[in-house]
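S.K.: Sequence below, structure please.
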Amino acid sequence: MSESILSQIAEDSSSEPPQPPSSSSYKLFSRRFFSLHGRDLFAASANWFLVDVVFYTSNLLLSQIFTFSNKPPNSTNVYDSAFEVAKVAAIVAACSTIPGYWFTVYFIDRVGRVKIQIMGFFLMAVVYLAAGIPYSWYWSKHEKTNKGFMVLYGLIFFFSNFGPNTTTFIIPAELFPTRFRSTCHGISGAAGKLGAIVGTVGFLWATKHEDEDKEDIFPDVKRVRIAFLILGGVCIAGVLVTYFFTRETMGRSLEENEEDENGTTVAPGGSSSANELLPRQ
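M.R.: Presented below is the predicted three-dimensional model:
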């Protein structure tokens, strides 16, 4: 009896078709990895780099050009300066940064990640140009804070968070297969930190006064104007990278990323049936 059962199992196993080799056997940074995920890794890293150039530079500028203190700028001590920076940052967070996040939470599964990212980059570029072109007129005097410029500056943070500063965290977590997801997300984040260094160091160097002995604590007005125009150009670059290289992940489950291991891309909408698979471009 037992011999017949064993012989039946052997016949069944021999009749099964041979299993193809696993397509997930390739390694990180292999040729197959770059053919399947290189474009996604470039898009995620480049977008994170570009938004951090803008975002951290904007935060640095916030502490240099805004003040609500009635004291002369050169008479404040380090504690007063820190308090003023914290007060301005709290106002910006309450009025711009936090609402931007909540707008993203509401619209991200209605509009899509790519559209929100493109919109955020584009409107940030518009605001930077609107603030940068007449910058000399905005800050011809430093005696009091220019409220119109503050509104424009708040819009930068709003569209940053209702845009790429949020989506650049989300898209890398949804693009890659499970075994590469955390590594690729970390690489993208590292590119962002590099952008933060480039933005802050470059901004400080580009806007400092030519006269080292000058005691004015505000950055050079003409150079800040040029820096604003450059930041607008960085945002336009983000629009182009997002439009041409970033794939939409709305409506896709994380399991569908595993199907990309076979060289196919699931159509937007989330269905994974065989007749709805599109060849990867």
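
S.K.: Please identify the helix or strand for residue 251.
M.R.: Assigned by DSSP states H and E, residue 251 belongs to no helix or strand.

S.K.: how close does it get to residue 110?
M.R.: 11 Å (Cβ to Cβ, to the nearest Å). The way it works is simple: take the backbone N, C-alpha and C, and place the C-beta from them, glycine included.

S.K.: more neighbours, the two?
M.R.: Shown here are residue 251 and residue 110; by other Cβ atoms under 10 Å, residue 251 has more neighbours (14 against 9).

S.K.: State the phi and psi torsions of residue 60.
M.R.: phi -70, psi -40 (degrees, to the nearest 10).

S.K.: what's the neighbour count on residue 61?
M.R.: 20.

S.K.: For it, give its distance to residue 123.
M.R.: Relative to residue 123, and taking Cβ to Cβ, residue 61 is found at 18 Å.

S.K.: can you pull out the strands in the stretch 151-281 of the chain?
M.R.: Shown for the stretch 151-281 of the chain, the strands assigned by DSSP state E, counting those that start in this stretch span residues 264-266, 277-279.

S.K.: Between those strands, which has the poorest mean confidence score?
M.R.: When those are compared by mean pLDDT, strand 277-279 comes last with a mean of 34.

S.K.: Residue 54 against residue 234, yeah?
M.R.: Yes - using Cβ atoms under 8 Å as the test, residue 54 is close enough to residue 234 to be in contact (5.6 Å).

S.K.: Show me which of the two is the more surrounded one.
M.R.: Comparing residue 54 with residue 234 by other Cβ under 10 Å, the one with more neighbours is residue 54, at 26 against 21.

S.K.: In contact with the more buried one, which residues?
M.R.: 124, 128, 156, 160, 199, 231, 234-235, 238 (Cβ atoms under 8 Å, 6 or more residues apart in numbering).

S.K.: Tell me which of the residues you listed fall in helices.
M.R.: Cross-referencing the contacts of residue 54 against helices under DSSP state H gives 124, 128, 156, 160, 199, 231, 234-235, 238.

S.K.: which of those residues has the weakest pLDDT?
M.R.: Among the ones in helices among the contacts of residue 54, pLDDT bottoms out at residue 199, giving 88.
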